[in-house]
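Colleague: attaching a predicted model along with its sequence, questions to come.
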Amino acid sequence: MQNIRNFCIIAHIDHGKSTLADRFLELTGTVEKRKMHEQFLDQMELERERGITIKLQPVRMSYALHAEHYALNLIDTPGHVDFSYEVSRSLAAVEGAILLVDATKGVQAQTLANLHLAQKQGLVIIPVINKIDLPNAKVSEVEEEIRHLLPETEGVGLVLKISAKTGEGVPAVLESVVKLIPAPQIANYRLPVTNSLRALIFDSSFDIYKGVIAYVRVFDGSVKAGERIKLFASKAGSDVIEVGCFMPRLKKEQQLLAGEIGYIATGLKNPGQVRVGDTIFKVGDGELAEALHGYLEPKPMVFASFYPESSDDYDTLKDALGKLKLTDASLVYEPESSPALGRGFRLGFLGMLHIEIVSERLRREFGLALIVSTPSVEYHVATKRVEVLKIRSAAALPDPGIIESIEEPIVELEILSPVSYMGQLMKLLAELRSQYRATDYLSKEVAILKYLVPLSEIITDFYDRLKSVSSGYASMSYEPSGYQVYDLVRLDILVAEERVEPFSKIVPREQAYYEGRRIVEKLKKILPRQWFTVSLQAAIGGKIIARETIPALRKDVTGYLYGGDVTRKKKLLEKQKRGKAKMKERGRVEIPQKVFLEMLKK
Ligand code: GTP
């Protein structure tokens with residue numbers, strides 16, 4: 001037991017986490033050097049292309065130091081802000097963390113957010129500066145930033161400097177892991193039954209034969225195949241099919257013991273029953289024992305409707321979502337239908353990156369062409385009938401007559417940036433409905449801006465704008481911070497007097513006029529002309545606040561007449577007019593899919 005070390009790596013995207021993990025695997029002989037790229041191939045196509053870790057991959061390594069043998073369990077953590085709950089559960093599964101910072105980029109907002117999470121869990125932090133081989137490495141500046149964050153490292157020379165690429169300094173990191181991170185302590189917690197179990201789920205995957213595979217940290221007791229288990233929050237029960245560890249591929253073991261990290265193949269077929277943060281018990285103790293704390297219900301933050309471009313693809317989309325859900329338990333969806341778009345689904349996501357990943361995967365892995373509606377947050381709507389409605393799409397907002405008030409989600413936003421961009425960043429934030437809170441300094445050159453801001457303000461193109469005003473240097477993280485009432489209204493867009501649902505959105509009343517104008521003007525530019533005049537209107541309730549018209553296409557019916565037979569010409573024009581009126585009567589405008597996609601872009 002004393003020879004186990006459980007740890008993870010906290011790093012911002014691209015700071016070298018996967019590269020460092022690869023060096024660890026080589027140094028400990030876990031994966032042979034010539035097989036290294038094979039493991040790389042294991043990752044999703046999208047991950048490799050974007051160079052980001054979407055799916056975390058735990059691994060057990062054997063390591064010898066001064067004739068002692070250790071089992072090192074490394075859990076990788078996803079670097080993006082969307083996945084902070086998953087990160088917090090990974091952190092809860094270990095005793096220490098390597099804080100990895102790129103020497104050319106310095107500390108970033110997400111690193112900071114995850115460091116706070118790690119400190120809250122009471123983890124031992126090992127600060128490491130990576131990429132010291134690069135000519136533009138600013139090792140001493142970055143060291144100053146780290147010392148500011150971790151004052152206890154002052155003067156102890158604890159900040160390690162490495163190149164994960166060349167391997168320089170990496171052995172010292174493994175030594176520090178063994179020396180500084182404590183072995184897992186078996187909690188004093190006494191279960192009522194001997195040989196019982198408490199295991200924390202920090203991730204899961206799916207296997208068609210073994211069902212949902214829970215990735216766990218065992219805190220108390222033990223577990224082996226054949227035993228009957230129960231999950232605390234989801235109440236699901238099953239017989240364990242297999243247990244084992246990560247090498248990094250799944251390797252079957254006789255049993256898993258307290259202090260260890262490994263997997264439990266549950267045989268359960270529904271991934272929604274095996275949730276990150278839940279506790280696994282053995283049946284018998286479950287009713288008596290206490291769950292490990294920190295569990296949260298999966299909570300999507302951003303919602304969008306997905307419709308197949310062709311209605312024939314509805315079943316394909318349905319199957320595809322079911323399959324994605326097997327590997328991405330945080331994805332939620334329910335069927336929805338719209339008069340304009342037919343049958344589709346309303347999906348809930350952790351954040352904007354998550355939307356992007358899911359739509360890309362649907363496109364690439366399932367060949368689906370999709371229409372995606374304007375993303376929305378969840379509003380709480382108090383009505384005159386006392387009930388509070390939870391609304392996740394503008395189309396679902398009730399009649400303004402019965403609404404008392406609408407609350408929207410607020411987040412605490414932290415932006416970390418070189419001081420030289422503070423001016424532009426504050427200007428950008430001033431354009432949003434934001435509330436300035438504070439500025440902290442990480443070093444002379446790097447500051448943290450803190451704001452309260454409605455989530456809806458930052459879900460569309462805020463991240464891109466942040467990057468563009470700061471030449472890519474600013475980074476951000478955010479955390480939910482309750483709900484606040486605001487004067488919000490539903491803005492509808494009518495094309496030829498018919499409401500087009502995917503264009504509806506919930507906006508602040510004072511911005512409705514401007515936003516309505518912007519949308520109808522844009523539509524006028526991109527909607528193809530019809531045989532009849534098409535009116536474009538923006539409306540709140542029944543009231544039209546902006547209007548444009550697209551003139552009809554006019555076929556030159558008189559063109560072939562020469563010699564000025566005016567009456568004849570008039571007659572023809574008259575006939576054309578009647579024809580158009582008829583068409584208009586029947587006239588529903590078919591909106592091409594590309595118009596929907598175009599309208600999503602600001
Ligand atoms: P995410 O998976 O997105 O969180 O990124 P990551 O932190 O795993 O970064 P990754 O290991 O993919 O490294 C990002 C880039 O930095 C890659 O191109 C690496 O080759 C490069 N890199 C990593 N470590 C070093 C280093 O020590 N020196 C140099 N020169 N490049 C490095």
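Modeller: Cool, the structure landed. Residues are numbered from 1 along each chain as shown.
Colleague: please count neighbours and contacts with C-alpha atoms only from this point.
Modeller: Noted.
Colleague: in the strand ranked longest in the chain, what's buried?
Modeller: Counting residues, the longest strand found in the chain (DSSP state E) is strand 403-418. For strand 403-418, burial by neighbour count (16 or more other Cα atoms under 10 Å) applies to 403, 405-418.
Colleague: and which of the residues you listed is nearest to residue 31?
Modeller: Distance to residue 31 across those (Cα to Cα) is lowest for residue 416, with 36.9 Å.
Colleague: give the contact list for that closest one.
Modeller: 108-109, 446-449, 474-476 (Cα atoms under 8 Å, 6 or more residues apart in numbering).
Colleague: possible to save these as a markdown table with pLDDT, neighbour count and secondary structure?
Modeller: Below are the contacts of residue 416 laid out as a markdown table (pLDDT from 0 to 100; neighbours: other Cα atoms under 10 Å; DSSP: H, G, I helix; E, B strand; the rest coil):
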| residue | pLDDT | neighbour count | secondary structure |
| --- | --- | --- | --- |
| 108 | 83 | 24 | coil |
| 109 | 77 | 21 | helix |
| 446 | 82 | 20 | strand |
| 447 | 88 | 20 | strand |
| 448 | 89 | 25 | strand |
| 449 | 93 | 19 | strand |
| 474 | 84 | 24 | coil |
| 475 | 79 | 21 | strand |
| 476 | 82 | 23 | strand |
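Colleague: widest-spaced pair of those residues?
Modeller: Longest span within the contacts of residue 416, Cα to Cα: 446 and 476, 13.2 Å.
Colleague: from memory residue 231 sits against residue 277, does it?
Modeller: No. The criterion here is Cα atoms under 8 Å, and residue 231 misses it with residue 277 at 10.5 Å.
Colleague: give me the more crowded residue out of those two.
Modeller: residue 277 (28 against 24; other Cα atoms under 10 Å).
Colleague: excluding covalently adjacent residues, which one is nearest to that one?
Modeller: Spatial nearest neighbour of residue 277, chain neighbours left out: residue 295 (4.5 Å); criterion: Cα to Cα, 6 or more residues apart in numbering.
Colleague: same question, residue 75
Modeller: Setting aside the residues directly before and after it, residue 75 is nearest to residue 58 in space (Cα to Cα, 6+ apart), at 4.3 Å.
Colleague: go ahead and confirm that neighbour touches residue 248.
Modeller: Yes. Counting by Cα under 8 Å, residue 58 does reach residue 248; the two are 6.6 Å apart.
Colleague: which sections of the stretch 101-250 of the chain are below the confidence cut-off?
Modeller: 153-157, 186-195 (pLDDT under 70).
Colleague: what residues does it have near the ligand?
Modeller: By Cα under 6 Å from any ligand atom, the residues of the stretch 101-250 of the chain that approach the ligand are 130-131, 133-134, 163-165.
Colleague: got phi/psi on residue 278?
Modeller: phi -80, psi 160 (degrees, to the nearest 10).
Colleague: give the contact list for it.
Modeller: By Cα under 8 Å, 6+ apart, the residues touching residue 278 are 200-201, 231-234, 291-292, 295.
Colleague: restricted to helices, list those residues.
Modeller: In helices, defined here by DSSP state H, there are no members of these.
Colleague: just the ones of those residues in strands?
Modeller: 200-201, 231.
Colleague: can you pull the contacts of residue 127?
Modeller: Contacts of residue 127 (Cα under 8 Å, 6+ apart): 98-101, 146, 158-160.
Colleague: mind giving me the PyMOL select for those residues, buried ones only?
Modeller: Per 16+ other Cα under 10 Å, the buried members of the contacts of residue 127 correspond to this PyMOL selection:
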select buried, resi 98+99+100+101+146+159+160
